[in-house]
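Chemist: Sequence isn't available, so here's the structure alone:
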């Protein structure tokens with residue numbers, strides 16, 4: 001019996017030399033993409049994934065989806081040329097109220113990183129990069145009142161569609177946080193939503209909380225090459241256990 005398709009959804013933020021978990025140096029990013037190319041693992045889109053779930057196409061045994069949160073300027077400067085050269089598609093999740101400005105949310109670096117402007121995003125959308133919503137202002141959705149939650153989820157989609165002239169079907173909640181109320185709002189408007197669970201996706205994964213691999217944990221190239229070769233199960237298990245332990249101490253939120 002053949003195994004169900006496995007999809008590694010890669011999570012990036014910034015391609016820069018900042019010494020933080022949300023940044024990966026350009027040379028490491030290039031090495032990671034070179035390793036993907038060498039491995040022969042197909043890079044697909046979230047639309048391909050949705051089509052496979054709907055029975056409209058088949059997927060290879062293993063494939064990769066590349067995603068970037070926050071739409072930092074260094075995506076266009078550092079990541080896009082490499083992706084374009086290799087013919088790799090990617091999805092960039094945009095906090096629409098911050099376009100052309102800087103990160104200003106909880107956890108932002110000091111000095112803050114710059115976010116692409118609308119001209120940048122329109123150019124990318126016209127050249128093979130898929131845009132997704134990352135809300136308007138990058139809030140923790142679980143902290144919002146219900147009407148504010150709906151506005152963040154709905155208006156960000158509308159703004160992106162108006163600017164790039166394409167349907168926006170994919171979403172990423174800031175911090176990977178979305179309770180039942182947030183999930184309900186997201187599911188009404190988007191085909192997929194990605195989270196931060198350190199897992200490999202299948203066609204049976206929760207489509208409103210798709211797992212992703214945080215690529216900061218694969219900065220060591222031997223580790224990434226082993227994963228691509230199907231030899232990284234032990235490391236995945238250890239990282240997942242650590243993440244689950246960390247998330248277990250997060251306090252529950254009460255929506256008002």
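Modeler: Yes, it's here. Model, not experiment: these values are computed from the prediction.
Chemist: Identify the residues contacting residue 33.
Modeler: Neighbour list for residue 33: 82-83, 86, 88 [criterion: C-beta atoms under 8 Å, 6 or more residues apart in numbering]. In short, each C-beta sits where N, CA and C put it, glycine included.
Chemist: Go again with 10 Å.
Modeler: Counting by C-beta atoms under 10 Å, 6 or more residues apart in numbering, residue 33 makes contact with 10, 43, 64, 66, 79, 82-83, 85-86, 88.
Chemist: Could you tell me which of those residues belong to strands?
Modeler: Applying DSSP state E to these, the entries found in strands are 10, 64, 66.
Chemist: Most neighbours out of the residues you listed, which is it?
Modeler: Per-residue neighbour counts (other C-beta atoms under 10 Å) across the ones in strands among the contacts of residue 33 peak at residue 66, which has 24 neighbours.
Chemist: Excluding sequence neighbours, find me the nearest residue to that residue.
Modeler: Sequence neighbours aside, residue 90 is the residue nearest to residue 66 in space, at 4.1 Å (criterion: C-beta to C-beta, 6 or more residues apart in numbering).
Chemist: count of residues packed around residue 56?
Modeler: 9.
Chemist: I misspoke; the intended subject was residue 5.
Modeler: Residues lying near residue 5 (other C-beta under 10 Å) number 17.
Chemist: how near is it to residue 67?
Modeler: Residue 5 is 18 Å from residue 67, where distance means C-beta to C-beta, to the nearest Å.
Chemist: tell me the centre residue of the chain?
Modeler: Centroid-nearest residue in the chain: residue 67, 3.7 Å away (criterion: C-alpha atoms, centre = their mean).
Chemist: List the contacts of that residue.
Modeler: Applying C-beta under 10 Å, 6+ apart to residue 67 gives the contacts 9-13, 46, 90-93, 130, 132, 170, 172, 194, 210, 212-213, 215.
Chemist: related to what we said a few turns ago, please identify which pair of the contacts of residue 33 lies farthest apart.
Modeler: Maximum pairwise distance in those, criterion C-beta to C-beta, is 17.3 Å, between 10 and 85.
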